[in-house]
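# Provided below are the primary sequence and the corresponding predicted coordinates.
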Amino acid sequence: MKKSTDWMPSSRYDILEMANLWLKAFEKHYVLWGVLNHDVAALKSYIEECEGNLAKVLGGRSDNLNFAIKTSFADLKAHMRHMKKRYMHSPPLTRQQLYELLLNPDRKAWSNVATPEGIATADVGFEDPFMLTLKLRAISNTAHDPRADHGFRIYWGILPPSGVNALNDPSAKYLSHAPLEAAELPHSIFCTRKKQKFTFRQSEAGYTVYFAIRFENAKGGQGPWGPIFKAVIPGY
């Protein structure tokens, strides 16, 4: 049986070691490599979430904690695959840089995964106050290959109403204007479900959320952008 040649480590602690090396490198070279600030911030956030969940193991395991660990590492790995695909090929990194990031430039993949060609979007549902539900789907009459379209990468950003001074809260990363391109959306998550819920702060009722979705394969390869769409966060 052939051994797996996936560059992603199998151990969670090895994954964190690699992720922290990446974070240092991206923080140092983000301008040279053309890395978007929100991708670096997301990597740091995923690392902190994984480290925090692992630290809780000392207090004893539970089903909820096991689920949180599994979910946080799935999100971290998906984001690392996204960053490798997006930033480590153009411009290409040197062999020395790849080794420093714990990536072996001589390693060959045994199998190819097709790049997604389908275009994704979602229908928005309003089930509860301060919550939006996305029912994810492929747009009709666009290419859709279930083998390539492993999951959905959902990008979103929140725009406060005109006159609301909410931009001083750096943790929220609010939009300053309606996005013209999906790449302007500051947040993203990956999911393999066809239904994703978003819960917002009570103070954000009436704010507008902009979304855009891309199919993503099992190795982080991304398909074309879906259309930008929006919804208003419901209140009571």
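Done, it's in. Residues are numbered from 1 along each chain as shown.
# when you work out contacts or count neighbours from here on, use the C-alpha atoms and nothing else.
Noted.
# for Lys173, which non-adjacent residue is spatially closest?
Pro186 (7.0 Å; Cα to Cα, 6 or more residues apart in numbering).
# strands of the chain, start to end?
Applying DSSP state E to the chain gives strands spanning 120-125, 131-138, 151-159, 187-191, 195-199, 208-216, 229-232.
# my guess is the residue nearest to Lys173 contacts Ile154, does it?
No: counting by Cα atoms under 8 Å, Pro186 sits too far from Ile154 to count as a contact (10.7 Å).
# of these two, give the one with the bigger neighbour count.
Neighbour count, other Cα atoms under 10 Å: between Pro186 and Ile154, Ile154 has more, with 24 against 20.
# I'd guessed the more buried one sits against Gln222; true?
No: applying Cα under 8 Å, one finds Ile154 not in contact with Gln222, separated by 11.4 Å.
# now list whatever residues contact both of those two.
In terms of Cα atoms under 8 Å, 6 or more residues apart in numbering, Ile154 and Gln222 are both contacted by the residues Arg214.
# care to break this structure down by domain?
When the chain is parsed with automatic domain parsing, its domains come out as 12-100, 120-232.
# between the two ends of the longest one, how far is it?
What that stands for is domain 120-232. 20 Å (Cα to Cα, to the nearest Å).
# save the domains of the chain as JSON lines, and put in distance to Ala114 and mean pLDDT too.
Shown next, in JSON lines, are the domains of the chain (distance: least, Cα to Cα, whole Å; pLDDT from 0 to 100):
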{"stretch": "domain 12-100", "distance to Ala114": "13", "mean pLDDT": "84"}
{"stretch": "domain 120-232", "distance to Ala114": "5", "mean pLDDT": "88"}
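# out of those, deepest packed?
Across those, averaging neighbours per residue (mean count of other Cα atoms under 10 Å) puts domain 120-232 on top, at a mean of 17.
# gap between it and the chain center?
Chain-centre distance of domain 120-232: 11 Å, with Cα atoms, centre = their mean, to the nearest Å.
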